[in-house]
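Asker: Predicted model and sequence follow; I will ask about them next.
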Amino acid sequence: MSGLIPMAAIAAVLAIFAARRGVLRDSLTMSLERFFEVLPRVALALFAAGFVGHLIPSEPVGHLIGAGSGFVGIALAALVGGFIPSGPMVSFPVVVIFVQAGAGFPQVVAFVTAWSVIGFHRVLIYEIPLMGWRFSAIRLASSVVLPLVAGLLAATLQAIYPLKWPPF
């Protein structure tokens, strides 16, 4: 709920700019179309996450990628994140499930970073066919350490600036 007010303020400012340019009606139409296009996906993803959340045992998740799992947990979360074959409508509910099951903050950061930076499914489906093997190999080799670095940096920052975890 804390992000609602800043997002509403940003939307209001953008609406003012759109009105000044005379494209407010077109902007609202496009926004509502996207909203009704995405709404069922979000609802179904949240339902699926709720079901999966009760099916995944929390003890192994807490043990493997919990706050006390350290670098091994960060590496494991990064590996799993790189292989989650989905968009944000599925992967973020999976993140919520991991958090509810006891995943640590640095491990969640590594998971989300690997999902967004590496995404092996995107490499196979889009990147290799469009850009070629050589490009994909160099890009993967140069970015495969990023989830580990992000997880370690998150652990360091969490030690310096403690935060409420889990957030809900």
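Answerer: On my side now, so go ahead.
Asker: and the residue nearest the centre of the chain, what element?
Answerer: Against the mean C-alpha coordinate of the chain, by C-alpha atoms, centre = their mean, the closest residue is Val112 at 4.4 Å. For Val112, the element it lies in under DSSP states H and E is helix 105-117.
Asker: Show residues contacting that helix.
Answerer: Identification of contacts with helix 105-117 by C-beta atoms under 8 Å, 6 or more residues apart in numbering yields 65-67, 69, 73-82, 84, 91, 95, 98-99, 103, 143, 146-148, 150-155, 158, 163, 165. For the C-beta atoms, the positions are set from N, CA and C on the backbone; glycine is no exception.
Asker: what's the answer for stretch 15-32, then?
Answerer: Under the contact criterion C-beta under 8 Å, 6+ apart, stretch 15-32 has outside partners Leu14.
Asker: from now on call the first residue 153
Answerer: Happy to do that; since the first residue is 153 now, the last one works out to stretch 167-184.
Asker: how far does it sit from the chain's center?
Answerer: Centroid separation for stretch 167-184 versus its chain: 29 Å, with C-alpha atoms, centre = their mean, to the nearest Å.
Asker: circling back to that earlier point, which strands and helices sit next to the helix or strand just after the helix holding Val264?
Answerer: Later in the chain than helix 257-269, the nearest helix or strand by DSSP H and E is helix 272-274. Judged by 3 or more C-beta pairs under 8 Å, 6 or more residues apart in numbering; DSSP states H and E, helix 272-274 is in contact with helix 222-235.
Asker: Counting neighbours, what do you get for Leu231?
Answerer: Neighbourhood size, Leu231 [other C-beta atoms under 10 Å]: 15.
Asker: And for it, nearest residue in space, chain neighbours not counted?
Answerer: Once flanking residues are discounted, Leu231 sits nearest to Ala266: 7.2 Å by C-beta to C-beta, 6 or more residues apart in numbering.
Asker: burial count for that neighbour?
Answerer: When neighbours are counted by other C-beta under 10 Å, Ala266 registers 28.
Asker: try Leu292
Answerer: Neighbour count of Leu292, defined by other C-beta under 10 Å: 15.
Asker: Look up phi and psi at it.
Answerer: Backbone torsions for Leu292, taken as degrees, to the nearest 10, come to phi -60, psi -40.
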